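Peer 1: mind folding the following:
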Amino acid sequence: MRLIWAAAAFATIALASPTHLAAQTSPYAGQQTREIKSLSAQDIDDLLNARGMALAKAAELNGYPGPAHTIELTSVLNLTPAQREAVDEIRERMIAAATPLGVEIVARERALDRQFAAGAITKAQVEAETEALGSLLGRLRAVHLVAHLETKAILNAQQVARYNELRGYSSSSPGGHDPAKAHGG
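Peer 2: You can find the predicted model right below:
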């Protein structure tokens, strides 16, 4: 029995050795060289160009088509000229509302990054900046979600079903799930 306890103690000491406790490489490794640490170059580009960044995933995956993808699929969805014009208008309104929000988010993230880099930030500043960023991101997300809501209202049930199928969300798609069936639509 004493031998078992000795072996257990040795194993515990060996596992707690400095080489075992050495820090694991962070998934953030390499990101310290970014212009804005919290945003990738793609994130910045998406924000400045009003791209969705999965902000409307709740709508998209529940059967509410997005305007940009609907426009891309105009011919296969058999959009009428009036539908195409309406979806174009929705997309233009979305871009007009999302772009300034994205610009402001990038500017605030850059400022926050600079304050941390300079070691010149207080708890009150962190709280104020993150609250402002949260509000901006919420507004940006709402812009994208509303565009999906408005787009679905323009399409008929068959077009929505076809959109879901083409995007891989219907039960007939490989690995797909039909949001319309899940919600009685």
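
Peer 1: so what's residue 32 scoring on pLDDT?
Peer 2: Residue 32 is assigned 87 on the pLDDT scale.

Peer 1: again, but for residue 52
Peer 2: You'll see residue 52 listed with a pLDDT of 89.

Peer 1: quick one: residues contacting it.
Peer 2: The contact partners of residue 52, by Cβ atoms under 8 Å, 6 or more residues apart in numbering, come to 46, 66, 68, 144. To be clear about C-beta, it is placed using only N, CA and C from the backbone, and glycine gets the same treatment.

Peer 1: now do 6 Å
Peer 2: residue 144 (Cβ atoms under 6 Å, 6 or more residues apart in numbering).

Peer 1: count the residues that sit near residue 57.
Peer 2: 14 (other Cβ atoms under 10 Å).

Peer 1: how near is it to residue 71?
Peer 2: To residue 71, residue 57 is 19 Å away according to Cβ to Cβ, to the nearest Å.

Peer 1: element containing the residue nearest the centre of the chain, please.
Peer 2: Most central in the chain under Cα atoms, centre = their mean is residue 54, positioned 3.6 Å from the mean C-alpha point. Counting by DSSP states H and E, there is no helix or strand that carries residue 54.

Peer 1: so how far is residue 76 from it?
Peer 2: Distance from residue 54 to residue 76, by Cβ to Cβ: 23 Å.

Peer 1: repeat for residue 170
Peer 2: Distance check for residue 170 against residue 76: by Cβ to Cβ, it reads 14 Å.

Peer 1: who has more neighbours out of these two?
Peer 2: residue 170 (20 against 12).

Peer 1: wait, the more buried one touches residue 164, no?
Peer 2: Yes. Between residue 170 and residue 164 there is a contact at 4.5 Å, judged by Cβ atoms under 6 Å.
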